[in-house]
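Participant: Give me the fold of what follows.
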Amino acid sequence: MARLAGEPVPDLLIDACGWVAVIDARINIDLEMERTIGQANWILPSQAKKEIDRLAKERNDLLIDLLATRSTILEHEEGHTDDVLVRLAQRLGAPVLTVDKVLKRRLAAAGCAYLEVVRDRSLRLVD
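Facilitator: Okay, here's the model as predicted:
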């Protein structure tokens, strides 16, 4: 999905379970992002970062360095991870990378988009 010169780069919110699903499916995140939404600013709420850091203590394959170098971490949002992601998705107009069924229902009810991992090891944008 090529962007025109001067066109703003969209934001993408990352949920911990969405990141883990990308890793577990061995998705080429760069190719799939380009195919679905194009280049994006990755935003990782501090709540999701804590969840990923906790999981990384049990697993060493979560590509934490890649996530850290590409993401902007939002430290100042208060609340449960899902609440923060829904609020940010509404405020920023940004899709959320997630596989959490409850969160996807909440996002859809709020009129927000999400990126999900599908069985053929790709991403699908649900808008």
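
Participant: What's opposite the residue nearest the centre of the chain in the beta bridge?
Facilitator: Centroid-nearest residue in the chain: Ile14, 2.4 Å away (criterion: Cα atoms, centre = their mean). The residues listed as beta-bridge partners of Ile14 by DSSP bridges are Leu97.

Participant: For the lowest-mean-pLDDT helix or strand in the chain, which helices and strands make contact with it?
Facilitator: Ranked by mean pLDDT, DSSP states H and E, the helix or strand of the chain with the weakest confidence is helix 64-70, at a mean of 87. In terms of contact count using 3 or more Cβ pairs under 8 Å, 6 or more residues apart in numbering; DSSP states H and E, helix 64-70 is assigned the packing partners strand 41-45, helix 46-58. Every residue, glycine included, has its C-beta placed from N, CA and C.

Participant: Just name the most buried of these.
Facilitator: Counting by mean count of other Cβ atoms under 10 Å, strand 41-45 has the highest mean neighbour count of the helices and strands packed on helix 64-70, with a mean of 20.

Participant: Flag every buried residue along the least confident helix or strand of the chain.
Facilitator: Along helix 64-70, the positions that meet the burial threshold by neighbour count (16 or more other Cβ atoms under 10 Å) are 64, 67, 70.

Participant: contacting residues for the residue nearest to the centre of the chain?
Facilitator: With contacts taken as Cβ atoms under 8 Å, 6 or more residues apart in numbering, Ile14 has the following neighbours: 42-44, 48, 67, 71, 96-97.

Participant: In this structure Val20 contacts Leu62, no?
Facilitator: Yes - counting by Cβ atoms under 8 Å, Val20 sits close enough to Leu62 to count as a contact (6.8 Å).

Participant: what sits in contact with each of these two?
Facilitator: Common neighbours of Val20 and Leu62 are listed as 52, 55 (criterion: Cβ under 8 Å, 6+ apart).

Participant: And Pro10, how far from Ala40?
Facilitator: Distance of Pro10 to Ala40, computed by Cβ to Cβ, to the nearest Å: 5 Å.
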